[in-house]
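S.K.: quick one: sequence plus predicted model below, questions after.
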Amino acid sequence: MTTEPLPLSRRLAAEFLGTALLVAVVVGSGIMASALSADVGIQLLANSTATVLGLAVLIVVLGPVSGAHFNPVVTGAEWVLSRGSAEQRPWGEVAGYVLAQCTGGVAGALLAGLMFEVAPAMATTQRTGGGLLVGEVVATAGLVLVIFALVRSSRAALVPAAVAAWIGAAYWFTSSTSFANPAVTVGRMFSDTFAGIAPGSVPPFLLAQVVGAVLGVVAVVVFSPAGSPRDLSAEQVLPAVVH
């Protein structure tokens, strides 16, 4: 039986808050790690550990409210995979989710700076190169496949742990350290810290994430073709993100 979704205003608030807290975890742990150690490996370990733990908790807590997407590519992939079904979101709702996620990402970066008394500033860290973009494609495609393959196989309860595990692994095995999330990428422009990304590096990252999302959707259709996605609107735990 399909449960009626919660009011859109509550779901959008959950998407805003969840994305904001996710970015606050990513940026805040990066600032803390930089203050505690000069070793880049230790900094990345601290940053990835905090992100994995924070992401899993946010998915579990806010999943029953909004689905815990926290990521425009997840919202878009859900819309594509649910086309023609009763669960497909109207375009206005999709746009609302994406706007809430992107504004939440910016708010989270500013919140992290406020907590650590770091003045707001646009990031100067250049993240360029074909290898990094390939890493973003791989990280994003894998994220979409993990989420929707589990949902389509009636194992959505595993999504919080599986998504957190994928992001944690991708921190280390992808060259880009797995942003895999346009809202988080935009938010990290507003923090000139360990986790920042310079504005000029953002458009290629966003393009790579969109390409990865498309490949992820194709993989879902190929490997999990039977049936259609379950109700992905309210109770379904469908996160994403990332860091």
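M.R.: Perfect, I can see it now.
S.K.: give the burial count for the spatially closest residue to Tyr97 that is not a sequence neighbour, as a bare number.
M.R.: Distances taken as Cβ to Cβ, 6 or more residues apart in numbering place Thr75 nearest to Tyr97, at 4.6 Å, with adjacent residues excluded. Any C-beta I mention is one placed from the backbone N, CA and C, and that applies to glycine too. With neighbours defined by other Cβ atoms under 10 Å, the count for Thr75 comes to 26.
S.K.: hmm, Thr75 is touching Leu99, no?
M.R.: No - taking contacts as Cβ atoms under 8 Å, Thr75 lies outside contact range of Leu99: 10.6 Å.
S.K.: quick check: mean pLDDT of whichever strand or helix holds the residue nearest to Tyr97?
M.R.: In this structure, Thr75 sits in helix 72-81 according to DSSP states H and E. The average pLDDT for helix 72-81 rounds to 97.
S.K.: use 270 as the first number from now on
M.R.: Shifting the count to begin at 270 puts that one at helix 341-350.
S.K.: and it, how far from the chain's centre?
M.R.: 12 Å (Cα atoms, centre = their mean, to the nearest Å).
S.K.: tell me the helices and strands packed up against it.
M.R.: helix 360-384, helix 399-421, helix 451-457, helix 471-492 (3 or more Cβ pairs under 8 Å, 6 or more residues apart in numbering; DSSP states H and E).
S.K.: next up, the contacts around Ala482.
M.R.: Contacts for Ala482 (Cβ atoms under 8 Å, 6 or more residues apart in numbering) come out as Val342, Gly345, Ala346, Thr409, Ala410, Val413.
S.K.: one more time with 7 Å, if that's ok
M.R.: Neighbour list for Ala482: Val342, Gly345, Ala346, Thr409, Val413 [criterion: Cβ atoms under 7 Å, 6 or more residues apart in numbering].
S.K.: report the two of these separated the most.
M.R.: Gly345 and Thr409 (11.0 Å; Cβ to Cβ).
S.K.: more neighbours, the two?
M.R.: More crowded of Gly345 and Thr409, by other Cβ under 10 Å: Thr409, with 35 against 20.
S.K.: so what's the more buried one closest to, chain neighbours aside?
M.R.: Leaving out its chain neighbours, the residue that sits closest to Thr409 by Cβ to Cβ, 6+ apart is Gly481, at 2.9 Å.
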